[in-house]
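Enquirer: Structure for this input, please:
(one chain, ligands or ions: 1)
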Amino acid sequence: MNADDTNLSGDPQAAARAAAEHIATATGISRHEVALVLGSGWGAAADLIGPTVAELSSDDVPGFAKPAVAGHPGTIRSIRIGETGRHALVLGARTHLYEGRGVRAVVHGVRTAAAAGAQTLVLTNGCGGLRDEWSAGTPVLIRDHINLTATSPLEGATFVDLTDAYSPRLRALAREVDPSLHEGVYVQFRGPHYETPAEVRFAGRIGGDLVGMSTSLETIAAREAGLEVLGLSLVTNLAAGISATPLSHDEVIEAGRAAGPRISALLADIVARI
Ligand code: 8IG
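Expert: Numbering: from 1, shown residues only. All right, here's what the predicted structure looks like:
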């Protein structure tokens, strides 16, 4: 291994392979077929997927750092999926673009998941909702995204098709588990500030239903790596100007806590069928 392979200033794919090797050695699981990124509100879901085989502190894994956000645990877990003999790699530590570590750091977890053998990636997040019928605590399937970060995780002339970036097959599977699931278009802003009401109206006019600060860049990197992506948002607050009250991070944490049991069961049921 080159010294450079363990950080993100060299070849990012080599850094991902180094992280995947570390995970395989530290967990004793050579291949993780499914990977999940658990965002705000989704943290409890891992426990229902199956027994935890190993838990690593993310800052022990090459290229990962301690998470910056309250309510986002900094662990990477290997979980056996029910009795299937397959394993899920659960990334509890997402890096957001607004942390300033660069876009390579944002998608390092996704590239590591691909290098660890994953063919399916479940991306979850907490977000703002634009539809007033989607109250805080409503889970929504991501049908498509609009990336308003003005950046891409792809470097050089890497042209990746994003038609059906959010797998129609996995969306149908999720709706088999819960036919009441809504679908929406996720708009990624850079953050960390929430949007103004005018920006939320803009997001709606260009076709968005959800606003957040993650997921789109991860999906782009996942599609580059050939992963099949399922995106699940939890509306933890109505977006600015949609609700009468100002947004607060406490509200976000509380909505996630209250919705926890339902969305955890939903996620575990979906993962069991992937
Ligand atoms: I949780 O209202 C959460 N994340 N951009 N807007 C944006 N991100 C969010 C929001 C929101 N709520």
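Enquirer: residues in contact with the closest residue to residue 224 other than its chain neighbours?
Expert: Leaving aside its chain neighbours, residue 224 sits nearest to residue 160 (4.9 Å; criterion: CB to CB, 6 or more residues apart in numbering). Every residue, glycine included, has its C-beta placed from N, CA and C. Residue 160 makes contact with 154, 220, 223-224, according to CB atoms under 8 Å, 6 or more residues apart in numbering.
Enquirer: shouldn't residue 256 be in contact with residue 236?
Expert: Yes. Using CB atoms under 8 Å, residue 256 is in contact with residue 236, at 5.6 Å.
Enquirer: what touches both of the two?
Expert: Between them, residue 256 and residue 236 share these contacting residues under CB under 8 Å, 6+ apart: 40-41, 126.
Enquirer: follow-up on the earlier one: using the three-state scheme, assign the residue nearest to residue 224.
Expert: Using DSSP: H, G, I helix; E, B strand; the rest coil, the secondary structure recorded for residue 160 is coil.
Enquirer: For the stretch 51-200 of the chain, which residue gets nearest to the ligand?
Expert: residue 128 (2.3 Å; CB to the nearest ligand atom).
Enquirer: Does that residue belong to a helix, a strand or coil?
Expert: With three-state DSSP as the basis, residue 128 sits in strand.
Enquirer: and it, how many neighbours?
Expert: By the measure other CB atoms under 10 Å, the count of residues near residue 128 is 28.
Enquirer: how about the nearest residue to it, chain neighbours excluded?
Expert: Sequence neighbours aside, residue 239 is the residue nearest to residue 128 in space, at 3.5 Å (criterion: CB to CB, 6+ apart).
Enquirer: can you pull the contacts of that neighbour?
Expert: 128-130, 194-195, 200, 203, 211.
Enquirer: what does residue 258 give?
Expert: 136-137.
Enquirer: tell me which element the residue nearest the centre of the chain falls in.
Expert: The centroid of the chain falls nearest to residue 123 when counting by CA atoms, centre = their mean (3.1 Å). In the assignment (DSSP states H and E), residue 123 maps to strand 120-129.
Enquirer: what is the rounded mean pLDDT of that strand?
Expert: Here strand 120-129 scores 96 as its mean pLDDT.
Enquirer: Neighbours of the residue nearest to residue 174 when sequence neighbours are not counted, how many?
Expert: Computed as CB to CB, 6+ apart, the closest residue to residue 174 that is not its neighbour in sequence is residue 270, at 5.2 Å. Per other CB under 10 Å, the neighbour tally for residue 270 reads 23.
Enquirer: what do you get for residue 200?
Expert: The tally of other residues near residue 200 (other CB under 10 Å) stands at 23.
Enquirer: and it, what helix or strand is that in?
Expert: Applying DSSP H and E, one finds residue 200 within helix 197-205.
Enquirer: hang on, isn't residue 120 packed against residue 225?
Expert: No. Assessed by CB under 8 Å, residue 120 is found out of contact with residue 225, at 11.5 Å.
Enquirer: hey, which helix is longest across the chain?
Expert: Looking across the chain with DSSP state H, the single longest helix is helix 249-273.
Enquirer: in that one, what's buried?
Expert: Residues 251-256, 259-260, 263-264, 266-272 are the ones in helix 249-273 that count as buried (16 or more other CB atoms under 10 Å).
Enquirer: ok, which of those residues also contact the ligand?
Expert: Contacts with the ligand within the buried residues of helix 249-273, as defined by CB under 6 Å from any ligand atom: residue 252.
Enquirer: ok, back up a step: show the buried residues in the contacts of residue 160.
Expert: 154, 220, 223-224.
Enquirer: can you map out the strands along the chain?
Expert: For the chain, the strands defined by DSSP state E occupy 34-37, 52-57, 75-80, 87-91, 120-129, 138-147, 182-188, 210-212, 228-238.
Enquirer: Nothing else from me, thank you.
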